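Visitor: Model the following, please.
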Amino acid sequence: MPSLNPATPAARETAEESTDALELLSADHDRVQRLFENYTELVTAEADDADKQHVVEEICLLLTVHAHIEDEFFYPAARRVLDDEDVIDEAQIEHDSVRDLIDELLTMKPFDELFDDRVRLLEESVSQHVEEEENEIFPRLREAGVDLESLGEQMSTRREDLMAELADGSGDLLDDD
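Guide: You can find the predicted model right below:
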(Lines give C-alpha, C1' and ligand atoms only; values in the text may rest on other atoms or scores of the structure.)
Protein backbone atom coordinates (compact mmCIF):
# COMPACT_ATOMS: atom_id res chain seq x y z
CA MET A 1 0.00 0.00 0.00
CA PRO A 2 1.36 3.48 -0.79
CA SER A 3 2.74 5.40 2.14
CA LEU A 4 1.40 8.74 3.27
CA ASN A 5 3.86 11.62 3.05
CA PRO A 6 3.84 13.88 6.12
CA ALA A 7 6.13 16.37 4.37
CA THR A 8 3.24 17.84 2.37
CA PRO A 9 2.39 21.53 2.80
CA ALA A 10 -0.95 20.84 4.46
CA ALA A 11 0.61 18.39 6.88
CA ARG A 12 3.20 20.94 7.92
CA GLU A 13 0.55 23.62 8.46
CA THR A 14 0.23 22.84 12.18
CA ALA A 15 2.65 25.31 13.78
CA GLU A 16 1.33 28.17 15.84
CA GLU A 17 -2.20 26.83 16.07
CA SER A 18 -4.36 26.95 19.17
CA THR A 19 -4.21 24.08 21.62
CA ASP A 20 -7.96 24.31 22.23
CA ALA A 21 -9.12 20.88 21.02
CA LEU A 22 -12.14 22.24 19.15
CA GLU A 23 -10.10 24.95 17.43
CA LEU A 24 -7.46 22.38 16.50
CA LEU A 25 -10.07 20.10 14.95
CA SER A 26 -11.80 23.00 13.21
CA ALA A 27 -8.46 24.07 11.71
CA ASP A 28 -8.07 20.53 10.33
CA HIS A 29 -11.58 20.71 8.91
CA ASP A 30 -10.79 24.02 7.19
CA ARG A 31 -7.47 22.72 5.87
CA VAL A 32 -8.99 19.62 4.31
CA GLN A 33 -11.86 21.64 2.83
CA ARG A 34 -9.30 23.89 1.09
CA LEU A 35 -7.60 20.79 -0.29
CA PHE A 36 -10.89 19.48 -1.65
CA GLU A 37 -11.48 22.86 -3.30
CA ASN A 38 -7.97 22.69 -4.76
CA TYR A 39 -8.72 19.23 -6.14
CA THR A 40 -11.94 20.44 -7.75
CA GLU A 41 -10.04 23.29 -9.40
CA LEU A 42 -7.52 20.79 -10.76
CA VAL A 43 -10.28 18.60 -12.19
CA THR A 44 -11.98 21.60 -13.78
CA ALA A 45 -8.68 22.74 -15.29
CA GLU A 46 -7.98 19.19 -16.51
CA ALA A 47 -4.69 19.32 -14.64
CA ASP A 48 -1.91 16.78 -14.71
CA ASP A 49 -2.62 13.49 -12.94
CA ALA A 50 0.48 13.94 -10.76
CA ASP A 51 -0.93 17.19 -9.36
CA LYS A 52 -4.25 15.53 -8.60
CA GLN A 53 -2.50 12.56 -6.99
CA HIS A 54 -0.45 14.87 -4.78
CA VAL A 55 -3.55 16.71 -3.48
CA VAL A 56 -5.39 13.44 -2.83
CA GLU A 57 -2.41 12.11 -0.87
CA GLU A 58 -2.44 15.28 1.25
CA ILE A 59 -6.17 14.88 1.86
CA CYS A 60 -5.72 11.24 2.84
CA LEU A 61 -2.84 12.03 5.19
CA LEU A 62 -4.70 14.82 6.96
CA LEU A 63 -7.89 12.81 7.31
CA THR A 64 -6.04 9.72 8.53
CA VAL A 65 -4.14 11.58 11.24
CA HIS A 66 -7.21 13.66 12.14
CA ALA A 67 -9.43 10.59 12.54
CA HIS A 68 -6.75 8.83 14.55
CA ILE A 69 -6.43 11.62 17.12
CA GLU A 70 -10.20 12.00 17.32
CA ASP A 71 -10.64 8.28 17.93
CA GLU A 72 -7.82 8.16 20.48
CA PHE A 73 -8.59 11.33 22.47
CA PHE A 74 -11.58 13.36 21.35
CA TYR A 75 -14.35 10.77 21.22
CA PRO A 76 -13.39 9.10 24.52
CA ALA A 77 -13.51 12.55 26.17
CA ALA A 78 -16.88 13.22 24.57
CA ARG A 79 -18.24 9.86 25.76
CA ARG A 80 -17.26 10.72 29.34
CA VAL A 81 -19.34 13.92 29.42
CA LEU A 82 -22.17 13.48 26.91
CA ASP A 83 -25.28 11.50 27.73
CA ASP A 84 -25.86 10.76 24.03
CA GLU A 85 -23.64 7.84 23.01
CA ASP A 86 -25.43 7.56 19.64
CA VAL A 87 -23.89 10.77 18.29
CA ILE A 88 -20.38 9.51 19.08
CA ASP A 89 -21.13 6.04 17.68
CA GLU A 90 -22.36 7.66 14.45
CA ALA A 91 -19.21 9.79 14.19
CA GLN A 92 -17.00 6.74 14.59
CA ILE A 93 -18.98 4.83 11.96
CA GLU A 94 -18.47 7.79 9.64
CA HIS A 95 -14.72 7.53 10.32
CA ASP A 96 -14.82 3.89 9.24
CA SER A 97 -16.49 4.89 5.98
CA VAL A 98 -13.89 7.61 5.39
CA ARG A 99 -11.07 5.12 6.08
CA ASP A 100 -12.52 2.74 3.51
CA LEU A 101 -12.59 5.49 0.88
CA ILE A 102 -9.04 6.53 1.77
CA ASP A 103 -7.86 2.93 1.40
CA GLU A 104 -9.50 2.75 -2.03
CA LEU A 105 -8.07 6.08 -3.19
CA LEU A 106 -4.54 5.18 -2.11
CA THR A 107 -4.64 2.09 -4.30
CA MET A 108 -5.95 4.01 -7.32
CA LYS A 109 -4.48 6.49 -9.77
CA PRO A 110 -6.17 9.68 -11.02
CA PHE A 111 -6.62 8.19 -14.49
CA ASP A 112 -8.56 5.23 -13.05
CA GLU A 113 -12.25 5.14 -13.78
CA LEU A 114 -14.25 6.50 -10.82
CA PHE A 115 -11.22 8.13 -9.13
CA ASP A 116 -12.76 11.62 -9.30
CA ASP A 117 -16.10 10.19 -8.18
CA ARG A 118 -14.49 8.58 -5.14
CA VAL A 119 -12.79 11.87 -4.23
CA ARG A 120 -16.17 13.64 -4.50
CA LEU A 121 -17.80 10.96 -2.35
CA LEU A 122 -15.03 11.38 0.22
CA GLU A 123 -15.57 15.14 0.20
CA GLU A 124 -19.32 14.74 0.69
CA SER A 125 -18.82 12.26 3.53
CA VAL A 126 -16.29 14.49 5.25
CA SER A 127 -18.44 17.61 4.81
CA GLN A 128 -21.46 15.91 6.36
CA HIS A 129 -19.34 14.57 9.22
CA VAL A 130 -17.78 17.99 9.87
CA GLU A 131 -21.15 19.72 9.90
CA GLU A 132 -22.56 17.25 12.42
CA GLU A 133 -19.46 17.36 14.57
CA GLU A 134 -19.14 21.15 14.63
CA ASN A 135 -22.88 21.77 15.12
CA GLU A 136 -23.78 18.93 17.49
CA ILE A 137 -20.73 17.70 19.38
CA PHE A 138 -18.49 20.77 19.68
CA PRO A 139 -21.05 23.07 21.35
CA ARG A 140 -22.06 20.37 23.80
CA LEU A 141 -18.46 19.72 24.81
CA ARG A 142 -17.74 23.40 25.29
CA GLU A 143 -20.91 23.71 27.37
CA ALA A 144 -19.98 20.64 29.44
CA GLY A 145 -16.81 22.35 30.61
CA VAL A 146 -14.32 19.88 29.19
CA ASP A 147 -10.70 21.04 29.60
CA LEU A 148 -10.25 21.70 25.91
CA GLU A 149 -6.74 23.14 26.32
CA SER A 150 -5.41 19.98 27.97
CA LEU A 151 -7.23 17.78 25.48
CA GLY A 152 -5.89 19.87 22.61
CA GLU A 153 -2.33 19.62 23.92
CA GLN A 154 -2.60 15.84 24.06
CA MET A 155 -4.03 15.74 20.55
CA SER A 156 -1.39 18.11 19.20
CA THR A 157 1.44 16.08 20.74
CA ARG A 158 0.00 12.86 19.34
CA ARG A 159 -0.36 14.43 15.90
CA GLU A 160 3.35 15.34 15.96
CA ASP A 161 4.21 11.78 17.00
CA LEU A 162 2.07 10.30 14.21
CA MET A 163 3.65 12.59 11.63
CA ALA A 164 7.12 11.55 12.84
CA GLU A 165 6.14 7.88 12.62
CA LEU A 166 4.94 8.39 9.07
CA ALA A 167 8.06 10.36 8.15
CA ASP A 168 10.42 7.59 9.26
CA GLY A 169 8.25 4.84 7.81
CA SER A 170 7.52 3.14 11.14
CA GLY A 171 3.84 4.10 11.20
CA ASP A 172 1.05 2.58 9.16
CA LEU A 173 -2.09 4.36 10.23
CA LEU A 174 -4.13 2.82 7.48
CA ASP A 175 -4.11 -0.56 9.19
CA ASP A 176 -4.99 0.94 12.60
CA ASP A 177 -8.66 0.14 13.26
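Visitor: Longest helix in this protein, please.
Guide: Criterion DSSP state H: the longest helix present in the chain is helix 21-44.
Visitor: host element of the most centrally placed residue in the chain?
Guide: Ranked by distance to the mean C-alpha position of the chain (Cα atoms, centre = their mean), the top residue is Leu63 at 2.1 Å. In the assignment (DSSP states H and E), Leu63 maps to helix 49-69.
Visitor: Can you name the next helix or strand after that helix?
Guide: helix 75-81.
Visitor: Which of the residues in that following helix are classified as buried?
Guide: Residues 75, 77-78 are the ones in helix 75-81 that count as buried (16 or more other Cβ atoms under 10 Å). Just so you know, the C-beta spots here come from the backbone N, C-alpha and C atoms, and that holds for glycine as well.
Visitor: just checking, the residue nearest to the centre of the chain touches Val32?
Guide: Yes - with contact defined as Cβ atoms under 8 Å, Leu63 and Val32 form a contacting pair (6.2 Å).
Visitor: so what sits against both of the two?
Guide: Val126 (Cβ atoms under 8 Å, 6 or more residues apart in numbering).
Visitor: shaky segments in this structure?
Guide: Applying pLDDT under 70 to the chain flags residues 1-17, 169-177.
Visitor: For Met108, which three-state class applies?
Guide: Reduced to three states with DSSP: H, G, I helix; E, B strand; the rest coil, the structure at Met108 is coil.
Visitor: next one: the one 4 residues further on
Guide: Of the three states, Asp112 takes coil under three-state DSSP.
Visitor: Would you mind measuring from it to Met163?
Guide: Asp112 sits 28 Å away from Met163, going by Cβ to Cβ, to the nearest Å.
Visitor: what do you get for Glu94?
Guide: Using Cβ to Cβ, Glu94 is found at 23 Å from Met163.
Visitor: just to revisit the earlier point, of all the residues in the longest helix of the chain, which ones are buried?
Guide: So, applying 16+ other Cβ under 10 Å, buried residues of helix 21-44: 21-22, 24-26, 28-29, 31-32, 35-36, 38-39, 42-43.
Visitor: That helix to helix 49-69, inter-axis angle?
Guide: Per axes from the mean of the first three to the mean of the last three Cα atoms, to 10 degrees, the angle that helix 21-44 makes with helix 49-69 is 160 degrees.
Visitor: Centre of the chain to helix 21-44, how far?
Guide: Mean-position distance between helix 21-44 and its chain equals 9 Å (Cα atoms, centre = their mean, to the nearest Å).
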